[in-house]
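*Asks:* give me the fold of what follows.
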Amino acid sequence: MGATNCPETPRQRMIGMMYLVLTAMLALNVSKEILEAFVTVSDTVERTNKNFEEKIGSTYELFADAAKNTPEKAQVPYEKAEKIREKSNELVAYLKDVKDELFFAVDNIPLEVVKANGLSLKDLSAKDNISKVVRYFFNPNEKKTKGEEMVEKFVEYKNQLVEIVDDTAFTKDNAILASGLQTDSTYKRDNVTLSWIKYNFEGSVAAAAFTLLNKTIGEIRNMEYETVNHLFSSIDAKSYKFSNVEAKVIPNSRIVFSGDRYEADIIVAAFDNRQNPTVYWASGRDAVDENNLSPLQSVEGNEGVVHLQIPTNAVGDQKFAGVIKLKDPSGADIFYHFNSSYMVTKPSAAVAAEKMNVFYAGIPNPVVIAAPVASERLKIDWGGATASSTGGGKYDVSVPSSLVGKEITINVSAEIEKGRPTQKLGSTPFRVKAVPEPNIFVGGNISSGKHAKDAILANAFVSARMGADFNYELKWTILSYKVTFVKNGIEEAPITVNAAPFTDQVRSKIQSASSGTIVEFSEIKIQSIAGQRPISRPIVIRIR
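*Replies:* Numbers count the residues shown, from 1 in each chain. Have a look, this model is predicted:
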């Protein structure tokens, strides 16, 4: 660019303008994924809020029924709950108006059009706009800014909850009220102390502001739900209440032979997932004595349900009985008796993958083969794979990569009696797939997006981890990767790292990087027993 005593030529001005346009385009390309991620999160939060509203509606219906059936106990709490509903709906409606007004402020679409068409974040054009968001929430020309107005309404709402409930067990210090709308907290950003409203909305892009408003609506609904539940529980503190009701199928037998018929009772079962009950039981009995629990086996439950496992040895009809122990609202033990029966029969030949009906090439795939004959009599055709026994009818099956995309079939046969031909017992097909690409992170869980330097440097390494739906134990080693810094739109020469931890050079550059600097981790190479592979997706981090 030219100085004062050396004016720019038209060519220089043109080059300068092109550079600015290119810089803007690069920034747009980098932030597009993040902006779309905000849309996804915001839509998810909106759906969750809608589902929560339906859940709260069910509670109000139960409250109305209780007020109708037992007005002497439920009428006053129900009237309080209706006031909670009114105040909560008013505040949620106010925040929805804030979202509509913000949409108008950012995209300049008439407010009546925004409301009439139900426009949301996915319809917003300037999702990355910051200046209009700041102007909307912090307009200095207004006597009271929109941000200050919001905070006042949140404080007023929480005070209203306390006043309406009017219960010493429900105060401003209650965990229910501490769960959201904490506008009196302070936050740190770059060693500067900020209020709640400034921390969340000053310098935020429009997409982030919309997402936070939806999250705040969810906090209001959560506080409404917990408060109404508190009122509902006060109707009769000594009445035993169940938190869940489900349909249950109770079969006469879980084993049905060909030509017979399946029979079952279908009932509605209620349970309380806020308790951890205990079951005392014994095999071979029709009933047990709750006053003599010492000879019985015990099993601890979790969230209202006890998972009972009974080892089976002898074949034929089996029975068991027991009691489940709970606590009533006064703290006293209460027992419910049960008994049932089942049939044990020898299984026919079966082949079952312990993980799924898929084999992954290059790694051991655990498989169980069960048959009514000794394992040494089994003859197994692995369909082109190889297997090694791990004992007890279990095998690790290895499939070569040449079979990826194909299907193999495991055939099981056995010599039932010596001198007689082998008998085919069963077969099972399996699809062969390549091991999917793992997820790549900085540290243990940092992915693309905005992150503080301290968070990045506290996890100064790159890691690879299979997704939650991949059920095999498969560990990956980071072989190498490149780190590229982009400052003010200028891309620096990449730094090659030949291990998982950051080099001192990378640490130093992150430590000195200014806000908005882009750090890209690319050309990542990893290795496991499944072999080496490059990772196609880079991690792109913008310093917060």
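*Asks:* contacting residues for Phe502?
*Replies:* Ala460, Phe461, Val483, Ile510 (Cβ atoms under 8 Å, 6 or more residues apart in numbering). No exception for glycine: its C-beta is placed from N, CA and C like everyone else's.
*Asks:* buried ones among those?
*Replies:* Neighbour-count burial (16 or more other Cβ atoms under 10 Å) applied to the contacts of Phe502 gives Val483, Ile510.
*Asks:* turn the contacts of Phe502 into CSV, columns for secondary structure.
*Replies:* Below are the contacts of Phe502 laid out as CSV (DSSP: H, G, I helix; E, B strand; the rest coil):
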residue, secondary structure
Ala460, coil
Phe461, strand
Val483, strand
Ile510, helix
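*Asks:* as TSV, the contacts of Phe502 with pLDDT and distance to Tyr60 would be great.
*Replies:* Shown next, in TSV, are those (pLDDT from 0 to 100; distance: Cβ to Cβ, whole Å):
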residue	pLDDT	distance to Tyr60
Ala460	92	51
Phe461	96	51
Val483	95	55
Ile510	93	52
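*Asks:* quick one: which of the contacts of Phe502 is nearest Phe103?
*Replies:* Ile510 (36.4 Å; Cβ to Cβ).
*Asks:* which ones are touching the closest one?
*Replies:* Taking Cβ under 8 Å, 6+ apart, one finds Lys453, Ile456, Leu457, Phe502, Val519, Ile543 in contact with Ile510.
*Asks:* quick one: the third one and Ile490, what's the gap?
*Replies:* Spelled out, it's Leu457. Distance, Leu457 to Ile490, by Cβ to Cβ, to the nearest Å: 23 Å.
*Asks:* more neighbours: these two, which one.
*Replies:* Shown here are Leu457 and Ile490; by other Cβ atoms under 10 Å, Leu457 has more neighbours (14 against 10).
*Asks:* OK, contacts around the more buried one?
*Replies:* Arg507, Ile510, Gln511.
*Asks:* and the gap between the second one and His337?
*Replies:* Think Ile510. Distance of Ile510 to His337, given as Cβ to Cβ: 64 Å.
*Asks:* my guess is Ser515 contacts Asp190, does it?
*Replies:* Yes: at 7.3 Å, Ser515 and Asp190 qualify as touching, with contact defined as Cβ atoms under 8 Å.
*Asks:* looking at those two, which is more packed in?
*Replies:* Neighbours were counted for Ser515 and for Asp190 using other Cβ under 10 Å; Ser515 has more, 13 against 9.
*Asks:* sec struct for the more buried one, please.
*Replies:* coil.
*Asks:* tell me the contacts of it?
*Replies:* Residues in contact with Ser515 (Cβ under 8 Å, 6+ apart) are Asp190, Ile543, Arg544.
*Asks:* and the last one, what does it touch?
*Replies:* Spelled out, that is Arg544. For Arg544, the contact set (Cβ under 8 Å, 6+ apart) comprises Lys450, His451, Ala452, Lys453, Ser515.
*Asks:* so in terms of bridging, what pairs with the closest residue to the second one other than its chain neighbours?
*Replies:* Which is His451. Of all residues not flanking His451 in the chain, Ile541 sits nearest, at 5.4 Å (Cβ to Cβ, 6 or more residues apart in numbering). Note on Ile541: beta-bridge partners by DSSP bridges are Gly449, Val519.
*Asks:* ok, Ile541 touching Lys453?
*Replies:* No: contact criterion Cβ under 8 Å: Ile541 and Lys453 do not qualify, at 9.8 Å.
*Asks:* who has more neighbours out of these two?
*Replies:* Ile541 (23 against 19).
*Asks:* output the lowest mean pLDDT helix or strand found in the protein.
*Replies:* Within the chain, confidence by mean pLDDT, DSSP states H and E is lowest for strand 350-353 among all helices and strands, at a mean of 52.
*Asks:* and the helix or strand following it, what's buried?
*Replies:* Remark: after strand 350-353, the chain's next helix or strand is strand 358-360, criterion DSSP states H and E. Neighbour-count burial for strand 358-360 flags Phe359, Tyr360 (criterion: 16+ other Cβ under 10 Å).
*Asks:* helix or strand: which one has the closest residue to Ser447 other than its chain neighbours?
*Replies:* Leaving aside its chain neighbours, Ser447 sits nearest to Phe441 (5.9 Å; criterion: Cβ to Cβ, 6+ apart). Taking DSSP H and E as the criterion, Phe441 maps to strand 439-442.
*Asks:* with Leu62 instead?
*Replies:* In this structure, Leu62 sits in helix 10-69 according to DSSP H and E.
*Asks:* Ile324 too?
*Replies:* Counting by DSSP H and E, Ile324 is part of strand 316-327.
*Asks:* one step back: list the helices and strands the strand holding Phe441 packs on?
*Replies:* Using 3 or more Cβ pairs under 8 Å, 6 or more residues apart in numbering; DSSP states H and E, the elements in contact with strand 439-442 are strand 462-465, strand 518-528, strand 539-543.
*Asks:* nearest to Asn200, of those?
*Replies:* Among the helices and strands packed on strand 439-442, strand 539-543 sits nearest to Asn200 (Cβ to Cβ), with 17.8 Å.
*Asks:* can I have the closest one written out in CSV, keeping just the CAs?
*Replies:* Presented in CSV, the C-alpha positions along strand 539-543 are these (Å, rounded to 0.1, in the frame of the first residue of the first chain):
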residue,chain,number,x,y,z
ILE,A,539,-9.1,-30.2,12.8
VAL,A,540,-9.6,-26.5,12.4
ILE,A,541,-9.4,-24.4,15.6
ARG,A,542,-10.0,-20.7,16.0
ILE,A,543,-8.3,-19.2,19.1
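*Asks:* which other residues reach that strand?
*Replies:* Strand 539-543 is contacted from outside by 30-31, 33-34, 440-442, 446-453, 456, 462, 510, 513-522, 524, using Cβ under 8 Å, 6+ apart.
*Asks:* again with stretch 202-212
*Replies:* 31, 34-35, 38-39, 41-42, 45, 99, 102, 106, 120-121, 124, 126-130, 132-134, 137-138, 194, 200-201.
*Asks:* quick one: average confidence on that stretch?
*Replies:* In this model, stretch 202-212 carries a mean pLDDT of 84.
*Asks:* domains of this protein?
*Replies:* Using automatic domain parsing, the domain ranges for the chain come out as 19-233, 244-344, 350-433, 439-543.
*Asks:* kind regards, and thank you for your time.
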